[in-house]
Structure formats: C-alpha cells, structure tokens
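1. build the 3D model from these lines:
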Amino acid sequence: MKRIAVLLLLATPFALAQDQKKPPTDLRGILLESLRTTHNDEDWFVPVSVAVDGLTAEQAKWKPAGKDAHSVGQLAYHIWYWDSRGLNTFKGIKNAAFDGNNNETFDNFNAAQWDDLVKKLNQTLADWETAVEQADDATLAKNASLVEHVATHNAYHVGQILYVRKLEGAWNPAKGVH
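-> Predicted coordinates:
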C-alpha cells in the first residue's frame, strides 16, 4: 500500500502539468485558440511570429525557382492583407474595393517594408485576438466561420513560409518542423 501511495505522490506533479493546458470548451475559446496558434502560440505547428522571426529583408524577398513561386515577404504580405480585410469585416468596417486580382495581394511586397510588415502582421493578429475576446456572443456566432477561415488560411501560408525558408537555407530546425 505504501508503494502505491508513493507512486501516486510521484505521479501527481506529472498529472498536474498535463492538466495545465485544457482544451477550450466554448466557441470563443476555440476561435481564440485557432487564432493564437497561428499567431504566436507554439502548438501542433509553427506560428507565423516564429516563422518570420529573424529573417532579414534580403532573405524575405528570396523566391524559389518557378513561375508561381512566392517569397516569404510576399506570403507574409498576403496573410496581412487578407487578415486586415477580414478583421474589418468582423468589426463591421467597410473595406476598400477589391478588384478580384489575388496576385496583387502577394505582389505589393517590397523588401524595404519588411520590418514594418512584420510589425503590422503581428499587430493585426493581436487585434484579431482582442476583437474575438471582446465580441458579444451574437457577433461571435455570426462570424465564427470567418474567424476559422482566417486561422486556417494563416496556417496554410505559414506552411508555405517554412517551406520557402527551408529551400533558401534560412530556417533553423530548432525552432520547429525538422
């Protein structure tokens, strides 16, 4: 009986550590988890803040060979562009007209704006989290699909960013994704 008691005492810290991060159980929590894991919470995959961290402007403009290849900077710009528009929609703010040419949402990047773009991207993602935290239940329910699409879109393009960085030789596997 003493052995069982000792084993239970030794196992308790491990069990408590496992319980520290409980999965969300409501819509707000699920949406916030989706936004945070694509922004700066490292979970099942590398978030965008880690994916762009430490990259120089010169590295951000490098593109792999191929007609439709994008640079990390172009991918980050594209994420920021659509996340900003989506956030405006969530908040009920009218967006500027979009001409339907999605290529422009990649091609407006230039290396001189890299540091500013990283700041704007992280700020927009933080603003998304704040908007979801502060939204009433009706707004959340109405926009849940939009929020989840934003997070999924971000995860998709972060995967591309990591792939481009690996091709370029500009990714440290110690940051995740070996």
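
2. please name the nearest non-neighbouring residue to the spatially most central residue of the chain.
-> Nearest to the geometric centre of the chain sits Thr38, at 2.4 Å (CA atoms, centre = their mean). Excluding its sequence neighbours, the residue lying closest to Thr38 (CB to CB, 6 or more residues apart in numbering) is Asn154, at 3.9 Å. Bear in mind the C-beta positions are built from the backbone N, C-alpha and C, glycine included.

3. cool, and Ala141?
-> Nearest residue to Ala141, sequence neighbours excluded (CB to CB, 6+ apart): Leu27, at 6.9 Å.

4. and that neighbour, what does it touch?
-> Applying CB atoms under 8 Å, 6 or more residues apart in numbering, we find Leu27 in contact with 137, 140-141, 144.

5. buried residues in the lengthiest helix in the chain?
-> Taking DSSP state H as the criterion, the chain has its longest helix at helix 137-168. Within helix 137-168, the residues that qualify as buried are 140, 143, 147, 150-151, 153-155, 157-158, 160-162, 164-165, 168, counting by 16 or more other CB atoms under 10 Å.

6. one more: stretch 34-42?
-> Quick answer for stretch 34-42 (16+ other CB under 10 Å): 34-40.

7. which of those residues sits closest to Gln123?
-> Within the set of the buried residues of stretch 34-42, His39 lies nearest Gln123; the separation is 10.5 Å, counting by CB to CB.

8. residue contacts, that closest one?
-> Residues in contact with His39 (CB under 8 Å, 6+ apart) are 47-49, 122, 125-126, 128-129, 154.

9. helix, strand, or coil at the residue nearest to the centre of the chain?
-> helix (DSSP: H, G, I helix; E, B strand; the rest coil).

10. now swap in Ala69 and tell me
-> When classified by three-state DSSP, Ala69 comes out as coil.

11. residue contacts, it?
-> 63, 164.

12. hmm, try it at 10 Å
-> For Ala69, the contact set (CB atoms under 10 Å, 6 or more residues apart in numbering) comprises 62-63, 160, 164, 167.

13. quick one: pLDDT of it?
-> Among the per-residue scores, Ala69 shows a pLDDT of 93.

14. now the one 4 residues further on
-> Per-residue confidence at Gly73 stands at 96 (pLDDT).
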